[in-house]
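**Student:** let's see this in three dimensions:
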Amino acid sequence: MSSFKRKTLSGRANLPQGTRLSPFSTSTVITSTGIPSLDDILGGGLPLSCSLAVLAPDHHSAYGELVQKYFVAQGLASGQKVCIVHDEPLRFAREGIWMAGSTPSTPAQASTAEDADDEKASQHDDKIKIAWRYEQMKKFQTTVSSNSLNDDLCMSFDLTCRIPATALDAARQSSQLIPIDVDTSEDGPGVIEQIEELLSNGTNAHAVRICIPALGSPHWGDMQPPTVLTLLHSLRRLLHRHPNACASLSLAPHICTDTWGGPGWVQKVGWLTDAAISMSAFGANPSLSSLFPSHHGIVQILTLPAPHTILPASDKYSTLRGLSSAAGSMGGSGENNLAFKCMRKRLIFETLHLDLEGGVTERRTTPSSNAMALDGSMVHDTMPATVLATEGRKGSLATVEVEFERSKEVVSDTPTSRAIPDADDSLVPAKPKKPKKKVAFRSERPDLYDF
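**Tutor:** Residues are numbered from 1 along each chain as shown. Sure, this is the predicted structure:
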């Protein structure tokens, strides 16, 4: 009998509900953020004992809080404990999203019918209108779906559905939903102490999600950059001590730029968190909205999670980034530019690309309005030479005159000098000679036109 035994994962067989082992490292357990495309960017999901920071600097939108709603809904749907740190945590939970067909207001049959209609409409719109032989080709994919991940780690949520009140009441009674109120009198260390007490009293049987929707908002009081950095560092240190907990937070819009925290503020936030992304919406820049009409903002990756490893798992397993061999036709030569868009029922992250004709969604068969206006401004009306000589020089620096030479007729004095045509020549009519043209270029400033 051999004394060597194969190494097994019996010690990590009983994983917390809603988690799985990372494909990159068997010592890392990951969970879903609720958005399949965001999970792909992170390398399969958010690892436990790690924190995710979302920066949304646009004051006219709330994409950062929308990501947190996905994070909370995924935790409640998968049976994990969810802790919401907010000034009104229960109100934020009631405004959360839920799965389609799970609420009485949106029955499953009606939802299925709407999805079928939307799918037919999208197929009709996405049908290639170039040539019939291209219809059988594979459609160009710009994002990933939950089906492409080949697991049930991420649920499918609908932005038009709200979480049922019965589900919230059941979560409150079973201590699955834990609210932590934020008061202006409390500072960052006070919140960290409450989170530490929660994690210390918990067990390792369930994963714990900590959600901070709007860190640095007016409800947190007058927070300074050192206070925010201290809170991020304390939260990260606390999560590393509890391997079954993870956190997702979004900063208030006014503290997401370097103008508030000073030069290098965004990089400091990325250094003090395990993962950080920036979602810069196009609301403040109309020119970008017209240039990318299919997207709502640009995604910038600041930091990627890499627990127990040197390189992040996203470099090898992310399809959207395009660095791995799994990217296929979506990349492979270099990292792709990423963007996001909020549709009627979901929020997705996808690769940023120009549409047909340099930003126009439909291929044009006629000149654009800009080109027609440009051509119209360059058209010059033809005027006679006499008019150009008198009026043309008044409003322009240069004029072009075209004059046709008159054909000169040769008249003989004596009739005998006329040649008698042959019989064959009488049948062929004489070809008229084309008059010659003379072009004269005149300019009031000849130094500008140096030929």
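
**Student:** separation between the nearest residue to Ser32 once chain neighbours are set aside and Asp222?
**Tutor:** Spatial nearest neighbour of Ser32, chain neighbours left out: Cys154 (4.0 Å); criterion: CB to CB, 6 or more residues apart in numbering. (Each C-beta comes from the backbone N, C-alpha and C, glycine too.) Distance from Cys154 to Asp222, counting by CB to CB, to the nearest Å: 38 Å.

**Student:** who's more crowded, the two?
**Tutor:** Between Cys154 and Asp222, counting by other CB atoms under 10 Å, Cys154 is the more crowded of the two (25 against 7).

**Student:** would that one count as being in a strand?
**Tutor:** No. Counting by DSSP: H, G, I helix; E, B strand; the rest coil, one finds Cys154 to be coil, located in no strand.

**Student:** who's in contact with it?
**Tutor:** Counting by CB atoms under 8 Å, 6 or more residues apart in numbering, Cys154 makes contact with 32-36, 39, 45, 74, 146.

**Student:** give me every residue that touches Pro305.
**Tutor:** So Pro305 contacts 42-43, 46-47, 50, 52, 274-275, 312-314 (CB under 8 Å, 6+ apart).

**Student:** try it again at 10 Å.
**Tutor:** Residues counted as contacts of Pro305 (CB atoms under 10 Å, 6 or more residues apart in numbering) are 22, 28, 30, 42-43, 45-47, 49-52, 246, 273-276, 312-314.

**Student:** now do Gly188
**Tutor:** 215-216, 220-221, 223, 226-235.

**Student:** strands of the stretch 251-400 of the chain, start to end?
**Tutor:** 275-281, 297-303, 338-342, 347-351, 398-404 (DSSP state E, counting those that start in this stretch).

**Student:** now those strands as a markdown table including mean neighbour count?
**Tutor:** Listed next are the strands of the stretch 251-400 of the chain as a markdown table, based on neighbours: other CB atoms under 10 Å:
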| stretch | mean neighbour count |
| --- | --- |
| strand 275-281 | 24 |
| strand 297-303 | 19 |
| strand 338-342 | 21 |
| strand 347-351 | 21 |
| strand 398-404 | 14 |
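
**Student:** Ile192 is nearest to which of these?
**Tutor:** Proximity to Ile192 (CB to CB) singles out strand 275-281 among those, at 18.9 Å.

**Student:** got the angle for that closest one vs strand 347-351?
**Tutor:** Strand 275-281 and strand 347-351 are oriented at 90 degrees to each other (axes from the mean of the first three to the mean of the last three CA atoms, to 10 degrees).

**Student:** quick one, strand 275-281 and strand 338-342 angle?
**Tutor:** 60 degrees.

**Student:** now do strand 275-281 against strand 297-303, angle only.
**Tutor:** Going by the same axes, to 10 degrees, strand 275-281 makes 160 degrees with strand 297-303.

**Student:** mean confidence score for strand 275-281?
**Tutor:** Strand 275-281 carries an average pLDDT of 95.

**Student:** parallel or antiparallel, which strands does that strand pair with?
**Tutor:** As defined by DSSP bridges, the strand partners of strand 275-281 come to strand 51-55 (parallel), strand 297-303 (antiparallel).

**Student:** span of stretch 29-49 from start to end?
**Tutor:** One end of stretch 29-49 sits 9 Å from the other (CA to CA, to the nearest Å).

**Student:** let me redo that: stretch 255-263
**Tutor:** 12 Å.

**Student:** going by neighbour count, list what's buried in it.
**Tutor:** For stretch 255-263, a neighbour-count test (16 or more other CB atoms under 10 Å) marks 255-256, 260-261 as buried.

**Student:** ditto for stretch 177-196
**Tutor:** Residues 177-180, 182, 188, 191-192, 194-195 are the ones in stretch 177-196 that count as buried (16+ other CB under 10 Å).

**Student:** do stretch 170-179 as well
**Tutor:** So, applying 16+ other CB under 10 Å, buried residues of stretch 170-179: 171, 176-179.

**Student:** cool, and stretch 232-250?
**Tutor:** Buried-residue list, stretch 232-250, by 16+ other CB under 10 Å: 232, 234-236, 238-239, 242-250.

**Student:** Asn14: how many residues sit nearby?
**Tutor:** 8.

**Student:** what's the spacing between it and Arg91?
**Tutor:** As defined by CB to CB, Asn14 lies at a distance of 36 Å from Arg91.

**Student:** and what of Ile192?
**Tutor:** As defined by CB to CB, Ile192 lies at a distance of 23 Å from Arg91.

**Student:** related to what we said a few turns ago, tell me which two of the buried residues of stretch 232-250 sit farthest apart.
**Tutor:** So, those by CB to CB: farthest apart are Pro243 and Ser250, at 23.8 Å.

**Student:** adding distance to Ser290, write the strands of the stretch 251-400 of the chain out as a markdown table.
**Tutor:** Output for these, formatted as a markdown table (distance: least, CB to CB, whole Å):
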| stretch | distance to Ser290 |
| --- | --- |
| strand 275-281 | 14 |
| strand 297-303 | 14 |
| strand 338-342 | 15 |
| strand 347-351 | 19 |
| strand 398-404 | 37 |
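
**Student:** lowest average pLDDT across the ones you listed?
**Tutor:** Of all those, the minimum mean pLDDT falls on strand 398-404 (a mean of 59).

**Student:** and of the strands paired with strand 275-281, who's closest to Glu335?
**Tutor:** Of all these, strand 297-303 sits nearest to Glu335, with 8.5 Å by CB to CB.

**Student:** export that closest one as CSV, just CAs?
**Tutor:** Output of strand 297-303 as CSV, limited to C-alpha atoms (Å, rounded to 0.1, in the frame of the first residue of the first chain):
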residue,chain,number,x,y,z
GLY,A,297,-20.6,55.9,-19.7
ILE,A,298,-17.0,54.6,-19.6
VAL,A,299,-15.6,52.1,-17.2
GLN,A,300,-12.1,52.4,-15.8
ILE,A,301,-10.5,49.6,-13.9
LEU,A,302,-8.4,51.0,-10.9
THR,A,303,-7.7,47.8,-9.0
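
**Student:** rewinding a little: and Thr319, which of the strands of the stretch 251-400 of the chain is closest to it?
**Tutor:** strand 347-351 (9.4 Å).

**Student:** which other helices and strands does that closest one contact?
**Tutor:** helix 36-41, helix 63-77, strand 275-281, strand 297-303, strand 338-342 (3 or more CB pairs under 10 Å, 6 or more residues apart in numbering; DSSP states H and E).

**Student:** would a markdown table of the ones you listed with distance to Leu320 be doable?
**Tutor:** Formatted as a markdown table, those follow (distance: least, CB to CB, whole Å):
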| stretch | distance to Leu320 |
| --- | --- |
| helix 36-41 | 5 |
| helix 63-77 | 16 |
| strand 275-281 | 12 |
| strand 297-303 | 9 |
| strand 338-342 | 6 |
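
**Student:** right, and Ser248 touches Gly45 too?
**Tutor:** No. The pair Ser248 / Gly45 is not scored as a contact, 11.7 Å apart, by CB atoms under 10 Å.
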